[in-house]
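K.L.:
my questions are about this predicted structure, shown below with the sequence.
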Amino acid sequence: MCTVSFIPLKKGIILTSNRDEHISRGIALYPEFYNVNNRSLAFPKDTKAGGTWFITNEMGDTGVLLNGAFEKHVPAPPYKKSRGMVLPELFQEDSPYLATKNYDFTGIENFTLILWEQGRLREINWDGQFIHVKEHHPELPNIWSSVTLYSPQMTLERHGWFKQWLDAQRHITQKTVIEFHRGTKNENKEFGLRISRTNNISTTSTTSLYMNNRDACFYHIDYIQNIESVLDFDIKTFNPKKLVDYTENESAQKN
């Protein structure tokens, strides 16, 4: 939720997210296929609010959420709903991007949405009052850091690490991207890619989605339990053997 990278490949993309949360928030359910109002969606599910920070649909459209918009804001609860509910609601529509134009964001805390939809990469920022949309080049790598946890200087340094890593790569795969997210500057507990701050804000998981024209791999590792999960599927058919109803109350983790 708080560090997101985008890697374009010759025949696909890789989107990866490190989720930084207070350790008291609890363990998220691993990526699973859900039936949301007759839409087949895949995402990891937050057990506290029931939403998600990372979602994809049968078209390969994918959204990843970060906390905050352009600058660190002062939280002003109570909020109408959790930010994590935005993605499942937007992705019930044919076009998540067009859905943002009619969605009522009032009463939702500031966020940034990285949206990959039909070959276009957009950054959508909600600053608490207005929606802002920025188009990014779909053939250029990119990285984002949550403004609620990382200062402009920290973000700049992280961009530098990302560029150094890119320059050193001969062949980028989902595995090498995950290694970047898991292992970069781990000795830096404040703003390395995996943080562990004294205020109990830590990187609790890494989630990564690889897609080409047909195949997809949804990878997730929970650092609290140190358990990995892999969800492979065919985008063209998107016909999972198990489809969980979104409202179903799950108590077990998928291993």
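P.N.:
Received it, and whenever you're ready, just let me know what you need.
K.L.:
leaving out chain neighbours, which residue sits closest to Gly12?
P.N.:
Of all residues not flanking Gly12 in the chain, Asn212 sits nearest, at 3.5 Å (CB to CB, 6 or more residues apart in numbering). All C-beta atoms are positioned from the backbone trio N, CA, C, and that covers glycine.
K.L.:
distance of the one you found relative to Phe43?
P.N.:
20 Å (CB to CB, to the nearest Å).
K.L.:
then Val74?
P.N.:
Val74 is 29 Å from Phe43, by CB to CB.
K.L.:
buried sites along stretch 5-13?
P.N.:
Neighbour-count burial for stretch 5-13, counted by 16 or more other CB atoms under 10 Å, picks out 5-8, 12-13.
K.L.:
I meant to write stretch 56-71 there.
P.N.:
56-58, 60-69.
K.L.:
likewise stretch 22-39?
P.N.:
25, 27-34, 36.
K.L.:
ditto for stretch 107-117
P.N.:
108-117.
K.L.:
what residue ranges in the stretch 101-250 of the chain score low on pLDDT?
P.N.:
For the stretch 101-250 of the chain, residues meeting the criterion pLDDT under 70 lie at 238-250.
K.L.:
quick one, strands of it?
P.N.:
111-117, 120-126, 131-136, 142-145, 201-212, 215-222, 227-234, 244-245 (DSSP state E, counting those that start in this stretch).
K.L.:
tabulate the ones you listed (JSON lines), appending distance to Pro88.
P.N.:
As requested, the strands of the stretch 101-250 of the chain are arranged in JSON lines below (distance: least, CB to CB, whole Å):
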{"stretch": "strand 111-117", "distance to Pro88": "13"}
{"stretch": "strand 120-126", "distance to Pro88": "16"}
{"stretch": "strand 131-136", "distance to Pro88": "18"}
{"stretch": "strand 142-145", "distance to Pro88": "21"}
{"stretch": "strand 201-212", "distance to Pro88": "15"}
{"stretch": "strand 215-222", "distance to Pro88": "16"}
{"stretch": "strand 227-234", "distance to Pro88": "17"}
{"stretch": "strand 244-245", "distance to Pro88": "12"}
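K.L.:
of all the ones you listed, which one is nearest His181?
P.N.:
strand 201-212 (4.9 Å; CB to CB).
K.L.:
show me what the closest one is packed up against.
P.N.:
strand 12-22, strand 54-57, helix 174-183, strand 215-222 (3 or more CB pairs under 8 Å, 6 or more residues apart in numbering; DSSP states H and E).
K.L.:
if you set the cut-off to 6 Å instead, what comes out?
P.N.:
Contact partners of strand 201-212 among helices and strands, from 3 or more CB pairs under 6 Å, 6 or more residues apart in numbering; DSSP states H and E: strand 12-22, helix 174-183, strand 215-222.
K.L.:
out of these, deepest packed?
P.N.:
The highest average neighbour count among these, using mean count of other CB atoms under 10 Å, belongs to strand 12-22 at a mean of 22.
K.L.:
and that strand, what's its mean pLDDT?
P.N.:
For strand 12-22, mean pLDDT rounds to 97.
K.L.:
just checking: what are the partner strands of that strand?
P.N.:
strand 3-9 (antiparallel), strand 201-212 (antiparallel) (DSSP bridges).
K.L.:
right, and these - which one's nearest Arg158?
P.N.:
strand 3-9 (7.4 Å).
K.L.:
which outside residues touch that closest one?
P.N.:
For strand 3-9, the surrounding residues in contact (CB atoms under 6 Å, 6 or more residues apart in numbering) are 14-18, 64, 66, 114, 139, 141-145, 172, 177.
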